[in-house]
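A.B. asks: what's the 3D shape of this:
(one chain, ligands or ions: 2)
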Amino acid sequence: MAVPKKKLYLRTFGCQMNVADSEQLAQVLASEYDLTQRPEEADLYLINTCAIRRKAEEKVKSLLGSLKFLKARRPQLIVGVGGCVAQQEGDRLLAAAPHLNLVFGTQAGRRLPDLVRRAAQGQRPVDIALRCGYEELPPRPWSPAPGQTLVTIMQGCDNFCTFCVVPYVRGREASREPAAIVRQVSDFLAAGGLEVTLLGQNVNSYGRGLAKPITFTGLLRRLSELPGLRRLRFATSHPRDLSDDLMVAYRQLPALCEHLHLPVQSGSNRILQAMNRGYSREEYLEKVARLRQACPGIAISTDLIVGFPGETEADFAQTLELMREAAFEQSFSFKYSPRPQTRAAGFPDQVPEEVKAARLSRLQARQDELTLAAHARLVGQVKEVLVEGLSKRSAKQLCGRLRTNQVVNFSGPRELVGRFTPVALTEAQPHSLKGTWALAHSPDLGGCPRQPQRRQHV
Ligand code: SAM
Ligand code: SF4
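C.D. replies: Ligands and ions are numbered 1, 2, ... in the order given. Have a look, this model is predicted:
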């Protein structure tokens, strides 16, 4: 008789990349552990961490501290911390938390089953070795929302932006073999998948260093040929490496969604230079203008940091102005947080917290205006929505996304979840749109799946 599997509770902090990593960790442990949603029944409790800002790190440490109570009730429980904070802190975490059994860094995935076995034998292993090259782990057939999946195409980063801890905790940039990516995407599509998001810290430099070099656009073209792919997205693009070829691909590849996340970080050339971003405000805006020309209707989102060391009111005003010029549909904005090992942490003229907080709320108010205006431009149109599930606001409503990544809430039957359907957009709201199901009076649920039409060349 088969031995019942033990239970794994996996808590993930951070970005989509960490979410994708957690799925791989679950897959690596799948022969011995089944995932549970209930921490109180776990035999193994793993925290996959994020170190990008101090706040993220503090949340991890506070959760870890609280686990001593669970461990007191379940002494056999194995507690492990992995990912970026583990990579950064190593055995300092063991010293700070006597109930912690193991620490595994961002590249210890393959060795995790062995580390867990050693922890079960009473050792307290720490594995934070960084390798060279892409480490292929078994992909997990899994979706963040019905019909969607995340596919990691590269690991690490070589850019060393002066504020960012990623190159230190995730190591050197390494691209995954295209054949492995194509296989993972084909398997997902064969199982009925519709939308794929490719992940990397700087996808535009994908392919450098592979034995048989291929560009990022080359990869997009190969994936676009796979039957059944309806939507293709990616994150994150570095503005310096955004190629003309990619702009052309937006016009040519029907599955490529009209949305680009292009983090600018600041609108001041002085600050961009101090950040080591490798582009100027003018170069960035020129790329945005060309993108909007190459792909009319494209939505552009960005990341912004306020209060980088030395940022003056005049620098900040340039960021606000750039937001208006670029007319971002969405942005993710952060107060600068000094990170260990990074150059900017040692820069003079650190900006006081209250100044950062005041700038952040001014910046977010500007973005709210821009987002609302972008949503208002969509009102009156009928758009294809991929339905993700029940709306967060009201269980009576469904929610889904446009190709341009905006969230739409509307009423319709639950059978639409995981399907494409047309929705008439009726009302712009600050963070989403309201709509009416365009097939409400039709007996059909809408054509799904179907192949997209080739876009008109402009
Ligand atoms: N690779 C992406 C790029 O170059 O645009 C960014 C990845 S990073 C995980 C996501 C975002 O976190 C960054 O774009 C930046 O805005 C923000 N971030 C990174 N380090 C930060 C720090 N020290 N303080 C505040 N925000 C930070
Ligand atoms: Fe960090 Fe810059 Fe690399 Fe992005 S490109 S991960 S911000 S170092």
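
A.B. asks: What sits closest to the closest residue to ligand 1 within the stretch 151-300 of the chain if chain neighbours are left out?
C.D. replies: The minimum distance from the stretch 151-300 of the chain to ligand 1, using Cβ to the nearest ligand atom, falls at Pro263 (3.2 Å). C-beta here means a position set from N, CA and C on the backbone, and glycine is covered the same way. What sits nearest to Pro263 in space, not counting adjacent residues and going by Cβ to Cβ, 6 or more residues apart in numbering, is Asp303, at 3.6 Å.

A.B. asks: The residue of the stretch 151-300 of the chain closest to ligand 1 is in contact with Arg240, isn't it?
C.D. replies: No: here Pro263 does not reach Arg240: they are 11.0 Å apart, not a contact under Cβ atoms under 8 Å.

A.B. asks: More neighbours: the two, which one.
C.D. replies: More neighbours surround Pro263 than the other of Pro263 and Arg240, with 19 against 15 (other Cβ atoms under 10 Å).

A.B. asks: Give me the distance between the more buried one and ligand 2.
C.D. replies: Separation of Pro263 from ligand 2 (Cβ to the nearest ligand atom, to the nearest Å): 7 Å.

A.B. asks: Return the distance of that residue relative to Ala2.
C.D. replies: 48 Å (Cβ to Cβ, to the nearest Å).

A.B. asks: ok, back up a step: checking the residue of the stretch 151-300 of the chain closest to ligand 1 next. Helix, strand or coil?
C.D. replies: Here Pro263 takes the coil state, with states given by DSSP: H, G, I helix; E, B strand; the rest coil.

A.B. asks: List the contacts of it.
C.D. replies: Residues in contact with Pro263, defined by Cβ atoms under 8 Å, 6 or more residues apart in numbering, are 236-239, 302-304.

A.B. asks: out of those, which one sits closest to Ile214?
C.D. replies: The closest of these to Ile214 turns out to be Ser237 (Cβ to Cβ; 16.9 Å).

A.B. asks: what sits against the closest one?
C.D. replies: So Ser237 contacts 202-204, 246, 260-263 (Cβ under 8 Å, 6+ apart).

A.B. asks: So which residues on the stretch 151-300 of the chain come close to ligand 2?
C.D. replies: 157, 159-161, 164, 166-167, 201-202, 238 (Cβ under 6 Å from any ligand atom).

A.B. asks: Quick check on these: which are buried?
C.D. replies: Buried positions within those, assessed by neighbour count (16 or more other Cβ atoms under 10 Å), are 157, 159, 161, 164, 166-167, 201-202, 238.

A.B. asks: Make CSV from those and add secondary structure to it.
C.D. replies: Listed next are these as CSV, based on three-state DSSP:
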residue, secondary structure
Cys157, coil
Asn159, coil
Cys161, coil
Cys164, coil
Val166, helix
Pro167, helix
Gln201, coil
Asn202, coil
His238, coil
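
A.B. asks: Keep only the residues you listed that also lie close to ligand 1.
C.D. replies: Applying Cβ under 6 Å from any ligand atom to these, those adjacent to ligand 1 are 164, 166, 201-202, 238.
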